[in-house]
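**Student:** sequence and computational prediction follow.
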Amino acid sequence: MTGVLFGASYYHEYLPAPRLERDLDLMVAAGFTVLRVGESTWASYEPEEGKISFDALAAVVDAAAARGLRVIVGTPSYAVPPWLARRYPEVMAQLPSGQVLPYGARQNVDFTNPVYRRHVERVVRAMAERFGQHEGVIGFQVDNEIGVHELAAPAVVDRFRRHVLDEFGSVDAINERWGLTYWSHRLTDIEDLWAPAGNTNPGYALEWARFQAGLTVEFLAWQRDLLREHLAPRMFVTHDVVGGDSLGSTAVRGIPAAMDRTAVNLYFPLQDAIALPDAQPEATTPLAPWWLTDRGASTMLWRGDMAYSLRGPRGERFAVTEAQAGSIGEHATNVPPYPGQLRLVAHALVARGADLLAYWHWHTLHYGAETYWGGVLGHDLEPGRVYREVAALGAELGGPELDPLVPDADVAVLSSRDSLKALQFQPPLLEPGTDRADPHSYHRIFMRCYDAALAAGAQVRIVHEDGEWDECRVLVVPALYIADDALLERLVAHARNGAHVVLTFRSGYADQWARVRAVRAPGPLRAAVGAGYAEYTTLAQPVALTGFGSGSAEGWADLLEPEGAEVLAGYDHPFLRPYAAVTTNVVGAGRMTWLGTLPDVATTGRLVAWALRERGVQPVSSAWGELPPSVRVSSARRPDGTRLWFVANHSWDPVTVSAPGIELGPWESRVVDG
Amino acid sequence: MTGVLFGASYYHEYLPAPRLERDLDLMVAAGFTVLRVGESTWASYEPEEGKISFDALAAVVDAAAARGLRVIVGTPSYAVPPWLARRYPEVMAQLPSGQVLPYGARQNVDFTNPVYRRHVERVVRAMAERFGQHEGVIGFQVDNEIGVHELAAPAVVDRFRRHVLDEFGSVDAINERWGLTYWSHRLTDIEDLWAPAGNTNPGYALEWARFQAGLTVEFLAWQRDLLREHLAPRMFVTHDVVGGDSLGSTAVRGIPAAMDRTAVNLYFPLQDAIALPDAQPEATTPLAPWWLTDRGASTMLWRGDMAYSLRGPRGERFAVTEAQAGSIGEHATNVPPYPGQLRLVAHALVARGADLLAYWHWHTLHYGAETYWGGVLGHDLEPGRVYREVAALGAELGGPELDPLVPDADVAVLSSRDSLKALQFQPPLLEPGTDRADPHSYHRIFMRCYDAALAAGAQVRIVHEDGEWDECRVLVVPALYIADDALLERLVAHARNGAHVVLTFRSGYADQWARVRAVRAPGPLRAAVGAGYAEYTTLAQPVALTGFGSGSAEGWADLLEPEGAEVLAGYDHPFLRPYAAVTTNVVGAGRMTWLGTLPDVATTGRLVAWALRERGVQPVSSAWGELPPSVRVSSARRPDGTRLWFVANHSWDPVTVSAPGIELGPWESRVVDG
Amino acid sequence: MTGVLFGASYYHEYLPAPRLERDLDLMVAAGFTVLRVGESTWASYEPEEGKISFDALAAVVDAAAARGLRVIVGTPSYAVPPWLARRYPEVMAQLPSGQVLPYGARQNVDFTNPVYRRHVERVVRAMAERFGQHEGVIGFQVDNEIGVHELAAPAVVDRFRRHVLDEFGSVDAINERWGLTYWSHRLTDIEDLWAPAGNTNPGYALEWARFQAGLTVEFLAWQRDLLREHLAPRMFVTHDVVGGDSLGSTAVRGIPAAMDRTAVNLYFPLQDAIALPDAQPEATTPLAPWWLTDRGASTMLWRGDMAYSLRGPRGERFAVTEAQAGSIGEHATNVPPYPGQLRLVAHALVARGADLLAYWHWHTLHYGAETYWGGVLGHDLEPGRVYREVAALGAELGGPELDPLVPDADVAVLSSRDSLKALQFQPPLLEPGTDRADPHSYHRIFMRCYDAALAAGAQVRIVHEDGEWDECRVLVVPALYIADDALLERLVAHARNGAHVVLTFRSGYADQWARVRAVRAPGPLRAAVGAGYAEYTTLAQPVALTGFGSGSAEGWADLLEPEGAEVLAGYDHPFLRPYAAVTTNVVGAGRMTWLGTLPDVATTGRLVAWALRERGVQPVSSAWGELPPSVRVSSARRPDGTRLWFVANHSWDPVTVSAPGIELGPWESRVVDG
């Protein structure tokens, strides 16, 4: 395999009239090398229970293979036929609220249900038998974007009881670790454990999230094992992790681990939402569907870095099984890419480690819930502006110089799914300007750190608690709320061995069961941090910081007292003046820096830049000198150590990048061999 | 019958103490000529199952008739007795969500239910037997403000399955037209068709809306037929179509067609909400209940025009069975009319074709959900300010010169209930400043066109897809999203025959089954429009327009490319600069103009004014020359062709209308014989 | 008993490790004299059905008593064990919506359920037997913060039918007083009365609220009677009325009446939310959990005054069984008190009549829903800043000079729970800037009056309809919507006897059944008020007032016409100019003043100040002369008539109070012997 696999999902069966040959010819002309097919139309393969035929799909696969296109076949379990829902209503998912999902959408089944499993097994085996040795097929995708709903049918809740008992060993251990004496919730018997609908206990909530992630992974692994009985050994099995904000789901690390490779579906706001400098949030609000809460030019980078991080101890290249060719979402959120933006996004993803880029989808649909989710072809099915931009990109991406790249990184940022989940249940920040807790609190703090690294001119590697980060000389740790002692000791050891570890407020506050530590904070980190606190306060308004730039503190402030650490910043506020905002402490060969608050991006960026300098880390992209404010540079290394630079102008205004004297047009991204 | 019938709904049974004679005397003194009675108190007529007596109601009808008042008797089916709900719980409506409506309000029954029908038949026949030959009775109203809830009991959903199969002919046709291959929704058997709770398919949603409208009309027609077995031939049967935003319901055209005449209940915001020039929306927000989303002086006119349009191919005069005498809504929305506003509103309605005007209601209630819905008499039951204004109006409206008027119109605006419904399900616009789709999108576009006509000094005739508009030389077509080929061809033919047809974005985009056309847009209109587009974009912010005034474009922009048409306006924006905002094309003897965006009212008004000039249409009211900004003129013709002018000052400030030198006081409206 | 009882709730069973002795020693060192224990951990006492042991609790009580600490023992009925919910699911509360509350929180049972009662009786009797004669125990608390949910299981609704029939005497009386002829709701049989889910009738809604309050009181009284069979006569029985906005619940007066003394749980916004002059609402929004809607420095005073008012005809001293030591609410609402604020709050409560002040709770919990509800000790369980402030206060509050104080009051404000409930169902005001009714309307009007009294330099006594207010020379009556004729006549007689009664709009509008009076308003008050009105209007925008200061009118305006009264203020608005905004009328030896609108605080304050002057009432605190804007003075009398002054600086800026030359530091409150 050379270059980046490039293509789209293709649904010939959705077209108003047959046009297989014409479509495939257009794809070949656009430089396509890969197609994804088959995952959405179970009812077409099995219109009556047990009467299965893949002839129509085979015609597509055969014709694609005849043109040298590689095919990924998806198992159709995520969208069940109406006859299945009608005859076996027990397969429909029951939510914690008790609601049984009605038929009419997709991802609405209880995938733990044995009746559902029996039907899935039959259709998946038949599919694997038909395509498992097909020369044009390079791999299978199991299911599609799983994990949207929590499952809570009585049998699932009962399984949760077994799970908790297994994990904790005894009812007494559950009582103790979750503090069930409180509010008279002590269990006498595991059968006493309540269903999630009424739960108010943080420990339960965290374990429930882990359990749900486990159910998801188990189902996908079960399908994987079914497939492996039939597939040629050269084929991979993967699952397309649902993108968007759901990269935060707890299963996000478990799924790629259970698969042969990472695949993700990545969507972003576009148009002015990716301008640099960043536009005001109000102006970019309508530039993506409401369920895509991120905005800004960093969105595509963090999603790429997250995808790279998901598999293996140090991350691994990934497939983008779905990316946007045009508008995404609904009729009211039409945000087609400005000219150049498709290439800019593709470059960013390749720079961060994508080795497959497939648009969703080849053609915009004429019916159904996603009528306004734009494809490479629009509703008119004619090659147009988007097709031409995609085809130009296809010509460029096929080149051998893009394979296999390792993205550069100057700073590591630790991502904790457990902390994200625990802080969804108990958010530490308010939605700005309101008195309501912000369930996105963890992500806000994480993105502040990520954006600060970019502001410092650095590129980021995202790392996970269970991964390796020994080589990361600057490690930023946002709100690591959930951590056992071993993890905290590992962070201290990392500093002691020469790294600069920057931690934010809330790190180390609770243990692995979401139980707050009963010692002065930050508990096991306290000696190494050289500071402690017993109180903290919500910041109703931003508070000016003193020292280390003249920025402002937002949302939260630890009442932090130095215990040997150096104070880098304080507060200009009568209540907070006695306390430190940011401290730093030498630990062995390294340092631990504590952010007791959420400074603005620029201030946090100065802190990260200082940490890099202090460790003697020169950001890779500093080779380009001072960049115009609208330009961002990403880079990656070839196997021989040479670099590819991706230089992008996030603006309508043309710019010249002074160092190599490159001129960039509106929204132009250029690959430069370095 | 001469003049306008003038009166109120009268509920003697709601009064704290008997005062029939006094009330009727006050009514006669106020110039009343008509009363509506009887529709709300089934439990009083039939306190025990089968024990029916209308003696109390007859006393009211007799006393009214004795004074020469004409009476409309309402059948009481919309508000069932508690014993009926208790003994036969199956009569309560079940919503798509599965919720069975609890007892305690009204319009909460499943009017398709046979048990309910049996009880309705008994009480309606008894009522018809009692009053069907009464000399004081001029007609019957069946039920009251039907169509508030969607009905979705299992039997109704099953009936929907039969309906769809009948309409489409086969399961395969359903699969094809709704695109059910998508997401594995293909039906094998009509029994596979899911209930509406989980539906995500636009074609299903549109057909469900049509089906619900059909149920409504069928029920009213069934009652009509029951009545006709008992009624004197001179009597009419009608139904009061619920006013407010519900004039958008799909049944709005079917109901009047099934009745002997049109009746509507019309409510508006008042006080400063009807000032001219229009006040800022923020200032008028509290000036009506939240469920009345329209604001502005045009509200009363468009509701009148819509009422006129509902029946017959070219519209027909209508009864206003309910109008506000005082505050409407709840305790917190007390918006009594400023002095003069009752007359101003009455003039506007009469100018638009009302031949009956009845207030809801005679007296303000002392209990119940509508305690703060003001009547002609207030809670003190004494004739006060409102009574005096009503009585003055009664003296004026009884005159013969008001009968039978035909409202003038210079511009036609096409109203499409199907498009409204389809764009409620898939709204094309965002709620301003948010990332949420606006279910009122269609109405916003419609009202922009309507208000533009007024801004151009024109009066409007609203027309429907199935009506006649051959004589309309300027026809404005807002967002005609749902249209079969024949309808689009009819529009083109209309232009070809000499009309100027102005269409907005989204017109012709989907077919009669809400399926997007698979050709370059605007599909069958493309050649006549002389322009096409393959893409469109949401406008996150207003964009300045170039040419044709210096207005701004809002919400949406087609990426419109001229294909022979002249460009009237473009965009001042780097992405949109290559595209046209407004084009116009000569077609045979006429023109087709395309608005690819939603310009502000003033700009759209200039476009309509140009279309009128271009067709040589002089707006009727231009006879008055330039009007002060607070003055609006409506007009109507008598059978002899002479005109009546209704000249209204929407302001506290007195003005002089220069042409005929008329002085108008605060909020004064004057009838001028022209 | 001398001084103020001072302490906390103590949950030794929640601590991560035993530390009873250390905790009690710390408490004694902090001047603690009282502990509350036991109400939250039924499952610990009865881990299996019928196996009850209080040994662990006894160890705490014994050790506390050994140090001279007084103990209040709470019965654990509000938080049931999981085995009870699992075995007897019928005990879980069913809401009017039909939802049965899931297990997992607290206060989620149907306390009318006989199975639940049987289990409560067993555990309460066992507790009373164990501690009912204990020398260290001074009293019992039954249940905890009851009244959160409405109960609506079928048996409860059936009981409501009996209740209504008993109250009204006959079905005909119900029909007549609730106006059930309307919308065909007439009952033929009491069984016809519908469940509350669908109710739209105001009379029903008010009676349902009274019925729910009655159920609550009945349950607490039942527990009280159980206890009394076992308790030493010296012991009191009480219940801690849930604080916050729930001081508005209808049971708030019934519960203390059924108990031996008043106990309340009082929480407030802190930090800048209690600054003087008051900060802008936007700035203080995040300074308390969302369910605490009050903001401002008056919050602590009105809650104290309300607590004082709850029991007896003239009010009575009260226990604060819960007060905040630190942050309250959730993770995102950390609002620890600024240094000095704990003392400032404590002084305010003592000044208003608190004789027991106990923090909730001794230590911050490490798990559970209230993990971030701060205790005297934080999560680190070390005495810190808060402990030191509490201990200083403990030393101060033990002194004999604080006992038993009677709070001073210059103005009485009438509180009507019936009016609050009725105006929750039919709110007269909109949420500012919206078109939605504000369910807090009554409280907004009440607090406007309360704050106006403070603005006039006066202190307030809150009185109830059924209390004594003969000695109150100025009585302010906000929105007394629900009132029978006798109550209105009593107000008139009070004026006639020499008082100045100031009433606001909506007073006297409906009778005791929420039925609007059918006479010119304000009905029975009209002659004494010397003015009347038949209409009123919502004010969409504030309207300038003329006369009596140049303030503005908000939200509502009666179209008030003087009938002998003097006009104090009018409106500067073309519609409202003919009407009076404020009138006053001499009545016998006194006056009645009518506010037809809601003037701003300053204007309302000038009105109250005038009423005081006019009656010759010199506010007690006027002895201090003009105070700096950040300073507020409260006062109370000792039995010998001498005064204690509580002088508080609500600001970070130190001030000098000129009269006695006292200097106050930031947020300092000082007790001055007067």
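**Tutor:** It's in. Numbers count the residues shown, from 1 in each chain, chains lettered A, B, ... in the order given.

**Student:** so which residues on the stretch 451-600 of chain A come close to chain C?
**Tutor:** The stretch 451-600 of chain A comes close to chain C at residues A:514-521, A:534-538, A:540-541, A:556, A:559, A:574-575, as judged by C-beta under 8 Å from any C-beta of the partner chain. For the C-beta atoms, the positions are set from N, CA and C on the backbone; glycine is no exception.

**Student:** looking at the residues you listed, which are in strands?
**Tutor:** Among these, the ones falling in strands (DSSP state E) are A:536-538, A:540-541, A:556.

**Student:** which among these count as buried?
**Tutor:** For these, a burial check counting by 16 or more other C-beta atoms under 10 Å in any protein chain shown picks out A:536-538, A:540, A:556.

**Student:** quick check: which of the residues you listed has the minimum pLDDT.
**Tutor:** Among these, residue A:540 carries the weakest pLDDT, at 93.

**Student:** if I look at it, how far off is chain B?
**Tutor:** As judged by C-beta to the nearest C-beta, to the nearest Å, residue A:540 and chain B stand 24 Å apart.

**Student:** quick one: residues contacting that residue.
**Tutor:** Going by C-beta atoms under 8 Å, 6 or more residues apart in numbering or on different chains, residue A:540 touches C:271-272, C:283-287.

**Student:** what's the answer for residue A:455, then?
**Tutor:** Residues near residue A:455 by C-beta under 8 Å, 6+ apart: A:601-602, A:604-605, A:608-609.

**Student:** show me where the stretch 151-300 of chain A has its strands.
**Tutor:** In the stretch 151-300 of chain A, the strands defined using DSSP state E, counting those that start in this stretch lie at A:236-238, A:240-241, A:262-266.

**Student:** before we move on, back to that, which pair in the contacts of residue A:540 spans the largest distance?
**Tutor:** Checked with C-beta to C-beta, those reach their widest spread between C:271 and C:285, with 12.1 Å between them.

**Student:** looking at the two now, which is surrounded by more residues?
**Tutor:** Legend: neighbour count by other C-beta atoms under 10 Å in any protein chain shown for residue C:271 and residue C:285, higher for residue C:271 (22 against 18).

**Student:** one step back: state the pair within the ones in strands among the residues of the stretch 451-600 of chain A next to chain C that is farthest apart.
**Tutor:** Among those, A:536 and A:541 lie farthest apart (C-beta to C-beta), at 16.1 Å.

**Student:** circling back: which one of the strands of the stretch 151-300 of chain A lies closest to residue C:70?
**Tutor:** That would be strand A:240-241 among those, by C-beta to C-beta, at 60.1 Å.

**Student:** which ones are touching the closest residue to residue A:160 other than its chain neighbours?
**Tutor:** Distances taken as C-beta to C-beta, 6 or more residues apart in numbering or on different chains place residue A:211 nearest to residue A:160, at 5.3 Å, with adjacent residues excluded. Residue A:211 makes contact with A:160, A:163-164 under the criterion C-beta under 8 Å, 6+ apart.

**Student:** so how do I select the buried members of the residues you listed in PyMOL?
**Tutor:** Selecting the buried subset of the contacts of residue A:211 in PyMOL, with 16+ other C-beta under 10 Å as the burial test, is done by:
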select buried, chain A and resi 160+163+164
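
**Student:** pLDDT score assigned to the residue in chain A sticking out farthest from the centre?
**Tutor:** Here chain A reaches farthest from its C-alpha mean at residue A:574, the gap being 40.4 Å by C-alpha atoms, centre = their mean. Listed pLDDT for residue A:574 reads 97.

**Student:** residue contacts, the residue lying closest to it once chain neighbours are set aside?
**Tutor:** Leaving aside its chain neighbours, residue A:574 sits nearest to residue C:652 (4.5 Å; criterion: C-beta to C-beta, 6+ apart). By C-beta under 8 Å, 6+ apart, the residues touching residue C:652 are A:574, C:338, C:666-667.

**Student:** ok, now how distant is residue A:114 from residue B:104?
**Tutor:** According to C-beta to C-beta, to the nearest Å, residue A:114 and residue B:104 sit 44 Å apart.
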